[in-house]
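Asks: attaching a predicted model along with its sequence, questions to come.
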Amino acid sequence: MVSAIWNGRTIAQSDDTVVVEGNHYFPAESLDRAFVKSSATTSVCGWKGTANYYSLVVDGKENKDAVWYYADPKSAASKIKGRVAFWKGVDVR
């Protein structure tokens, strides 16, 4: 079981992650939406496509754009469709 933890809370947990470029991509349904708020931020990866972001809010603290996902990844990255990944101090173990 792999967990994503930030500010003492489990944000996501799954035994079905896909590792790409060293990042665990969790099924989107494993994300605890109580800690997530939408972000307007996007970025572009040449082989994966356009990434969208969520910010985390836990016990009044915000971690801006700490979660990313590819809503419509390019075909080379199709295995991460419907999945989310973490950074910015989120402990994935």
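Replies: Structure received. Numbers count the residues shown, from 1 in each chain.

Asks: my read: residue 86 touches residue 93, true?
Replies: No. Applying C-beta atoms under 8 Å as the test, residue 86 and residue 93 come out as separate, 11.1 Å apart. All C-beta spots, glycine's among them, are computed from the backbone N, C-alpha and C.

Asks: higher neighbour count, these two?
Replies: Shown here are residue 86 and residue 93; by other C-beta atoms under 10 Å, residue 86 has more neighbours (24 against 8).

Asks: and the more buried one, how far from residue 75?
Replies: 24 Å (C-beta to C-beta, to the nearest Å).

Asks: try residue 19
Replies: On the measure of C-beta to C-beta, residue 19 and residue 75 end up 19 Å apart.

Asks: more neighbours: which of the two?
Replies: Neighbours per residue (other C-beta under 10 Å) separate residue 19 from residue 75, with residue 19 holding more: 11 against 7.

Asks: now that one, nearest residue through space, not along the chain?
Replies: Excluding the flanking residues, the one nearest residue 19 by C-beta to C-beta, 6 or more residues apart in numbering is residue 25, at 7.4 Å.

Asks: same question, residue 10
Replies: Of all residues not flanking residue 10 in the chain, residue 3 sits nearest, at 5.5 Å (C-beta to C-beta, 6+ apart).

Asks: so what's the one you found up against?
Replies: Applying C-beta atoms under 8 Å, 6 or more residues apart in numbering to residue 3 gives the contacts 10, 12, 13, 91, 92, 93.

Asks: residues touching the residue nearest to residue 19, list them.
Replies: Contacts of residue 25 by C-beta under 8 Å, 6+ apart are 17, 18, 19, 80, 83, 84, 85.

Asks: looking at these, which are in strands?
Replies: If you go by DSSP state E, the contacts of residue 25 have 18, 19, 83, 84, 85 in strands.

Asks: among those, which ones are buried?
Replies: Neighbour counting with 16 or more other C-beta atoms under 10 Å marks 83, 84, 85 as buried within those.
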